[in-house]
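> Here you go, sequence then predicted model.
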Amino acid sequence: MKPGQHLEGDRTRSVRRSMTTIRRGAGGRAPAWCIGALVWLLGGCGGGSPEDGQDGPAGGPGGGGAGESVIVLRADRVLDGRGGSMSGREVVVRDGRIAAVVEAGSTTGAAVYDLSGATLLPGLMDTHVHLGWHFDRETGRLHTAESADSPEDQALYAAENAWKMLHGGVTTVQSVGGAEDVPVRNAIAGGMLPGPRILTSIRPINAGTGGPAEIRAHVDEMAAAGADVIKIFASESIRVGGGPTLSQEQLDAACGRASEHGLRTVVHAHGPESASRAALAGCSQIEHGALLDRATLELLAEGGLYYDPHIHVIFDNYFANAERYLGIGNYTEEGFEQMRAAVPVALATFQEALTVEGLDIVFGTDAVAGAHGNNWQELVYRVEEGGQDPMAAVVSATSLAAESLGLGGSLGAVERGYEADLIAVAGDPLADIGALGRVVFVMRAGRVYRNDPVGAGR
């Protein structure tokens, strides 16, 4: 037997056991070791990026928090995620949570991360991503049901996308959704894999799901499979006009049943009719909404729905990777022209939404294949092109996003007792929103996954 042969055999068997769970799709919560076995097969991810080389107090990226009872983070300023900015403060982390925010230099006997020149803030929370979307290895084109990639590949791509987003400062995502989300979510939650916190809808409702009875049964199935949220397609893609696809009765059934299960509902709705139906049905959040008028935006505000517009990253990514999408489904030349025409319309709708009193606008990107890790660019565009106040943009991606996800009591703010999901960016995003793209430090649940010199922030 060659050296390592027995070990490789054990690894292969572990991966095969993992894939048995993945192939069950949404049939139930997979154990945390499922994706962990895949990571082991590849040599392990540790907790840090292979391209980093900067040691922190605990011996490098991913080590911080593992063996330290108290960690202190000292930055030039702290944004609390709720609209406040502090200077001369340090954040004390103990056992994965924020223990205190105190005067700088007042804590002793702790491992200190010196983040001079940087701004510390809660980790970004993207309320709309597609974790498993990727380009196939052999063709370089968008993965489809007919693609050659195996379920093993799909899970690994999802894990890769999760790492890219964490490394880029996103510590929580809502994926809407895919069967591969479940084992990746569980592996990250179990500490087997580095990545952001994941909430998933697993499999969405669309016009093909059926009538109200079938839709209620679908919601029951997703709830039993461990879904965190229910995703509903209530309109066509913007590439084919964005018209409504579900009746009021169908939306009533979907959002009503989800509410019975204690689940939120996020609704793909481009135009006024589909969004209005969702509001009347008591749904939780409107996605995209590129064609909404003021009356509908006001209806969302009155109904307490969150609004999650996607006005830049999704379009920019599609245009940059057009050849990887064209010819697949409704990714046609005509569809791309529809998207190009929608760019100024979506921007104008966002600008109108900013003026609607009481409308909660949250951060989401609709990150698909090619976009993971570039999530922060949406916030830059909202500020620089959309005219949003920089602090409001930060709040939309921190405490407001946490609230929309039902996590406002534990995430999204720099507050005692909250989970220590924290990032640092080189510079001051209130003066230069582009600083959000210069991430130098990432901590999730008190564990450090990135610790670069401040001057190295991208």
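Now that the structure is in, tell me what you want to look at.

> Tell me which residues of stretch 224-235 come out buried.
Neighbour counts over stretch 224-235 (16 or more other Cβ atoms under 10 Å) mark A225, G226, A227, D228, V229, I230, K231, I232, F233, A234, S235 as buried. For the C-beta atoms, the positions are set from N, CA and C on the backbone; glycine is no exception.

> In strands, which of those residues fall?
V229, I230, K231, I232, F233 (DSSP state E).

> Let's have those in CSV, adding pLDDT.
Formatted as CSV, those follow (pLDDT from 0 to 100):
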residue, pLDDT
V229, 98
I230, 98
K231, 98
I232, 98
F233, 98
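
> Put together TSV for these, with distance to S106 on each row.
As requested, those are arranged in TSV below (distance: Cβ to Cβ, whole Å):
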residue	distance to S106
V229	41
I230	46
K231	46
I232	50
F233	52
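
> follow-up on the earlier one: hmm, which two among the buried residues of stretch 224-235 are most spread apart?
G226 and S235 (27.0 Å; Cβ to Cβ).

> Can you tell me how far Y381 is from Q285?
Per Cβ to Cβ, to the nearest Å, Y381 is found 20 Å from Q285.

> now swap in W163 and tell me
For W163, the distance to Q285 - Cβ to Cβ - is 26 Å.

> Between these two, point out the one with more neighbours.
Q285 (25 against 21; other Cβ atoms under 10 Å).

> so who does that one touch?
The contact partners of Q285, taken as Cβ atoms under 8 Å, 6 or more residues apart in numbering, are T127, R264, T265, V266, V267, L305, Y306, Y307, D308, V362, S404.

> tell me the secondary structure for G83?
coil (DSSP: H, G, I helix; E, B strand; the rest coil).

> typo on my end, L115
strand.

> Could you give the bridge partners of it?
Beta-bridge partners for L115, by DSSP bridges, are A75.

> And it, how close does it get to V439?
From L115 to V439 the distance is 11 Å (Cβ to Cβ).

> Find residues that contact each of those two.
Counting by Cβ under 8 Å, 6+ apart, the residues touching both L115 and V439 are A424.

> Which parts of the stretch 151-300 of the chain are helices?
151-167, 181-189, 212-225, 248-260, 272-280, 294-303 (DSSP state H, counting those that start in this stretch).

> just these: most buried one?
helix 181-189 (a mean of 26; mean count of other Cβ atoms under 10 Å).

> what packs against that helix?
helix 5-23, helix 33-41, helix 151-167, strand 197-200 (3 or more Cβ pairs under 8 Å, 6 or more residues apart in numbering; DSSP states H and E).

> who does the residue nearest the centre of the chain bridge with?
Nearest residue to the geometric centre of the chain (Cα atoms, centre = their mean): V173, 2.3 Å. Listed by DSSP bridges, the beta-bridge partners for V173 are D126, I198.

> Quick check: A353 vs G83, distance?
Taken as Cβ to Cβ, the span from A353 to G83 is 19 Å.

> So these two - more neighbours on which side?
Neighbour count, other Cβ under 10 Å: between A353 and G83, A353 has more, with 21 against 14.

> Surely the more buried one touches E298?
No: A353 is not in contact with E298 according to Cβ atoms under 8 Å; the separation is 9.9 Å.

> Can you pull the residues that touch both of those two?
L359.

> show me where pLDDT drops low in the chain?
1-68, 456-458 (pLDDT under 70).

> which non-adjacent residue is nearest V380?
The spatially closest residue to V380, leaving aside those adjacent along the chain, is I433, at 5.1 Å (Cβ to Cβ, 6 or more residues apart in numbering).

> how many neighbours does that neighbour have?
For I433, the number of neighbouring residues by other Cβ under 10 Å comes to 23.

> so it sits right up against A393, yeah?
Yes: if you go by Cβ under 8 Å, I433 and A393 touch, sitting 6.6 Å apart.

> what touches both of those two?
L379, V383.

> Enumerate every residue touching the closest residue to V267 other than its chain neighbours.
Excluding the flanking residues, the one nearest V267 by Cβ to Cβ, 6+ apart is A278, at 4.2 Å. Contacts for A278 (Cβ under 8 Å, 6+ apart) come out as I232, A234, L251, C255, T265, V267, A269, I286, L305.

> list the buried ones in the helix or strand harbouring L347?
Remark: L347 resides in helix 333-353, with elements defined by DSSP states H and E. Neighbour-count burial for helix 333-353, with 16+ other Cβ under 10 Å as criterion, is recorded at G335, F336, Q338, M339, A342, A346, L347, T349, F350, A353.

> how near is the fourth one to I238?
So the one you mean is M339. Taking Cβ to Cβ, one finds M339 at 6 Å from I238.

> ditto for the fifth one
Going from A342 to I238 by Cβ to Cβ gives 5 Å.

> how much space between S259 and D228?
14 Å.

> just V102 next, same as before
34 Å.

> Could you do V414 as well?
Distance, V414 to D228, by Cβ to Cβ: 24 Å.

> what's near enough to touch the residue nearest to V380?
I433 touches L379, V380, V383, E384, P390, A393, counting by Cβ under 8 Å, 6+ apart.

> Start and end of stretch 316-333, how far apart?
As for stretch 316-333, its first-to-last residue distance stands at 16 Å under the measure Cα to Cα, to the nearest Å.

> same thing with stretch 78-97?
16 Å.

> before we move on, what about stretch 86-100?
13 Å.

> So which bits of that stretch are buried?
So, applying 16+ other Cβ under 10 Å, buried residues of stretch 86-100: M86, R89, E90, V91, V92, V93, R94, R97, I98, A99, A100.

> Output those residues in CSV; the columns should cover secondary structure and distance to P212.
Converted to CSV, the buried residues of stretch 86-100 look like this (DSSP: H, G, I helix; E, B strand; the rest coil; distance: Cβ to Cβ, whole Å):
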residue, secondary structure, distance to P212
M86, strand, 51
R89, strand, 53
E90, strand, 55
V91, strand, 49
V92, strand, 52
V93, strand, 48
R94, strand, 50
R97, strand, 43
I98, strand, 45
A99, strand, 49
A100, strand, 51
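
> Of those, just say which sits nearest to D220.
Checking the buried residues of stretch 86-100 one by one against D220 (Cβ to Cβ), the nearest turns out to be R97, at 34.9 Å.

> show me the contacts for the closest residue to A253 other than its chain neighbours.
Setting aside the residues directly before and after it, A253 is nearest to P212 in space (Cβ to Cβ, 6+ apart), at 3.6 Å. Going by Cβ under 8 Å, 6+ apart, P212 touches E249, Q250, D252, A253.

> Return the member of those nearest to N321.
Q250 (33.1 Å).

> surely the closest one meets I215?
Yes: using Cβ under 8 Å, Q250 is in contact with I215, at 5.7 Å.

> helix, strand or coil for V78?
Per three-state DSSP, V78 ends up strand.
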